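Asks: sharing a model prediction with you, sequence too.
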Amino acid sequence: MKILVCISSVPDTTTKITFTNDNAQFNSTGVQFIVNPYDEIALARAIELSEGGKGTVTVINVGEAETDPTIRKALATGADDAVRVNAKPRDAWFVAHQIAKYAKENNFDLILTGRESIDYNGTQVAGFVGELMNIPSVSIAKKIEVQDQTALVDREVEGGKEVLSISLPCIIGVAEGVAESRIPNMRGIMSARTKPLQVIEAVEVAELSSVTKFETPQPRGEVTLIAANEPEKLVELLHSKSHVI
Amino acid sequence: MSVLVYVENTAGEFKKSVFEVVSYAKAIAGLLNTDLTAISIGTVDPSNLNLLGQYGASKILNVNSDQLKSFVSHSYASVIASAAKSENSAVVILSNSFSGKGLAPRVAAKLEAAFAPGAVALPEISGNNLIVKRVAFSSKAFAFTELKAANKVLSLTPNSFELKVDQVQPEIIDFDPQLTNDLNTIIKDIVRSTDKVSLADAEIVVSGGRGLKGPENWGLIEELADALGAATACSKPISDAGWRPHEEHVGQTGISVQPNLYIAIGISGAIQHLAGVSASKTIVVINKDPEAPFFKVADYGIVGDAFEVVPQLIAAIKSYKAG
């Protein structure tokens, strides 16, 4: 089984988000970039599914040379080889076209990605790629098993889950609980240096949308402290002042 | 041309988030001086379809075919896209619910539309374009996305737009989408927990952290949630430790919520947790450490031991509810 895992490089989860250029651009100064946490789970599941000679795992990233360390980390974690589409990942539509083109040319059985990236949070790539390749997609999966040419997937739905049987090839967005993220060991880190990382050129894609500016949420006012033995005061404020109960 | 809104039913009923998205779509139709058409897929009683008229849907396309009995994102996307084409709708609105997240990008791709997922406010019109405020950086920021293509798809973050009654008498029309493309997906089983308020729909969320000391004490969180009709949630260390399932983990790498009221008990307020809850309208923090960072982003705080404060709070809520 050939598995493709789509990874993006995102600001570390502890990053305080600020903007420059009159709030038109994310301020990446001093920001540590990591493999998107959901993509790490997707990668861990792909490695589990391929272990014991059952398949291969290729990772794909759309990014410029600065994302190479992120890709090497994925190789150190256990992917067999990697592809970097050499372009700024302008938006999800652009990224999805790059992934779809590479995936079409290379006949993968299963494509996994994180349910969303923690920077733009669009949950777009799985649906876009599914449509561009005319294959089934699941955007938020909680469990993935593969039997022959079928994926058995638990999909998150409002107030529960659905168990799906999907014929391969398909693309699945991975949520927490599908696998435990893996930390590369020393042997992985050493071998990652010599694993193939192919760099390919991007295809042109029409720009349908763009971010005009960013805004950070309004800070809340001072906290109103209530004495521990007077919770009825809290109930009163939630009712008469905040109108939430 | 009209604005098209997809209305998702849950076992034949519409939830509040559906009326929110109809209100939102109606407001956009108003900005564009046009009408609102809704599309419903599955078996929904006409009396329920008529309810959509309360929020301004003047036409309802009713799709009820055996092939579409259960939700499969590519088939549903085909239906919605074909309705958008037949209605000549350049703007399509969905809810950013779990199923909306699966559908909306496929609908957008089919229509080669510009897509804004997770809208939180009405768009601004700029010539032929719409500028949409949406969540980014896991709720640590908002991005204003300009939709520049002729077709536009927006998905609305639940609980971010007020219901607005705008009564019209809707015309209900059976719509046959003429499906051709059938990719093989079979739904084998649907498991819903019916006895609990779901986190995604909840208007009040009660959430617990390490301050609860162990899974055996979770009854305290559940009892408070019951008293308030709230859903329960937890911080990442709790689901990592297996005290609670992953789907209750709220935060940057779990689920983002924006209820009217979020009550955090024994959660210190790490930046990753705050990212997932900061859009909540009102935040209450109960923590014995007065230095807990969560107090800085709270509306109300009680410094105290959860095991002493929460039972008193439950009693206070019960006596308030009893009138």
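Replies: It's in.
Asks: buried residues in stretch A:148-167, which are they?
Replies: For stretch A:148-167, a neighbour-count test (16 or more other C-beta atoms under 10 Å in any protein chain shown) marks A:150-151, A:153-162, A:164, A:166 as buried. Backbone N, C-alpha and C define where each C-beta goes, glycine included.
Asks: now it: mean pLDDT?
Replies: The predicted model assigns stretch A:148-167 a mean pLDDT of 88.
Asks: likewise stretch A:179-187?
Replies: In the prediction, stretch A:179-187 has an average pLDDT of 93.
Asks: can you pull out the low-pLDDT segments for the stretch 151-300 of chain B?
Replies: Low-confidence segments of the stretch 151-300 of chain B, defined by pLDDT under 70: B:180-184, B:192-196.
Asks: for it, what spans make up the helices?
Replies: B:219-228, B:236-240, B:271-277 (DSSP state H, counting those that start in this stretch).
Asks: give the buried residues for the second one.
Replies: Within helix B:236-240, the residues scored as buried using 16+ other C-beta under 10 Å are B:236, B:238-239.
Asks: contacts with chain A among those, please.
Replies: Applying C-beta under 8 Å from any C-beta of the partner chain, the subset of these adjacent to chain A comprises B:Ser239.
Asks: distance to A:Leu197 added to the buried residues of helix B:236-240, as CSV?
Replies: As requested, the buried residues of helix B:236-240 are arranged in CSV below (distance: C-beta to C-beta, whole Å):
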residue, distance to A:Leu197
B:Lys236, 32
B:Ile238, 38
B:Ser239, 34
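Asks: which one among the buried residues of helix B:236-240 gets closest to chain A?
Replies: Distance to chain A across these (C-beta to the nearest C-beta) is lowest for B:Ser239, with 7.5 Å.
Asks: identify the residue spatially nearest to A:Ile34, adjacent ones excluded.
Replies: Spatial nearest neighbour of A:Ile34, chain neighbours left out: A:Asp12 (5.1 Å); criterion: C-beta to C-beta, 6 or more residues apart in numbering or on different chains.
Asks: now do B:Leu61
Replies: B:Phe175 (3.9 Å).
Asks: likewise B:Gly304?
Replies: Counting by C-beta to C-beta, 6+ apart, the residue nearest B:Gly304 is A:Ala228, at 3.1 Å.
Asks: contacting residues around that neighbour?
Replies: In this structure, A:Ala228 makes contact with B:302-305, B:308-309, judged by C-beta atoms under 8 Å, 6 or more residues apart in numbering or on different chains.
Asks: look up phi and psi at it.
Replies: phi -60, psi -30 (degrees, to the nearest 10).
Asks: show the pLDDT at residue 35.
Replies: Since no chain was named, I'll use chain A. 94.
Asks: let me rephrase: I mean chain B.
Replies: 97.
Asks: ok, it - contacts?
Replies: B:2-3, B:29, B:58-59 are the contacts of B:Asp35 under C-beta under 8 Å, 6+ apart.
Asks: just want the most central residue of chain A.
Replies: A:Gly114 (3.2 Å; C-alpha atoms, centre = their mean).
Asks: can you list the strands that the biggest strand by length in chain A pairs with?
Replies: The single longest strand within chain A, with elements called by DSSP state E, is strand A:137-147. Paired with strand A:137-147 in the same sheet, following DSSP bridges, are strand A:150-157 (antiparallel), strand A:170-174 (parallel).
Asks: could you dump it to CSV, C-alpha only?
Replies: C-alpha atoms of strand A:137-147 as CSV (Å, rounded to 0.1, in the frame of the first residue of the first chain):
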residue,chain,number,x,y,z
SER,A,137,-12.9,12.3,1.3
VAL,A,138,-13.5,12.4,5.0
SER,A,139,-12.6,15.6,6.7
ILE,A,140,-12.5,14.6,10.4
ALA,A,141,-11.7,11.0,11.2
LYS,A,142,-11.3,9.6,14.7
LYS,A,143,-10.2,6.1,13.7
ILE,A,144,-8.7,4.5,10.5
GLU,A,145,-8.3,0.9,9.6
VAL,A,146,-7.5,-0.5,6.2
GLN,A,147,-8.6,-4.0,4.9
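Asks: now do the SS call for A:Val95.
Replies: State at A:Val95, reduced to three classes by DSSP: H, G, I helix; E, B strand; the rest coil: helix.
Asks: hmm, A:Tyr120 and it touching each other?
Replies: No: at 10.0 Å, A:Val95 does not count as touching A:Tyr120 under the criterion of C-beta atoms under 8 Å.
Asks: doesn't A:Gly127 lie inside a helix?
Replies: Yes: counting by three-state DSSP, one finds A:Gly127 located in a helix.
Asks: before we move on, the earlier item: which ones are touching the residue nearest to B:Leu61?
Replies: Contacts of B:Phe175 by C-beta under 8 Å, 6+ apart are B:39, B:61-63, B:83, B:86.
Asks: hmm, which two among these are most spread apart?
Replies: B:Asn62 and B:Ser86 (13.8 Å; C-beta to C-beta).
Asks: show me which of those two is the more surrounded one.
Replies: B:Asn62 (17 against 12; other C-beta atoms under 10 Å in any protein chain shown).
Asks: partner strands of the helix or strand that contains that one, with direction?
Replies: Using DSSP states H and E, B:Asn62 sits in strand B:59-63. Neighbouring strands of strand B:59-63 in its sheet, by DSSP bridges, are strand B:35-41 (parallel), strand B:171-174 (parallel).
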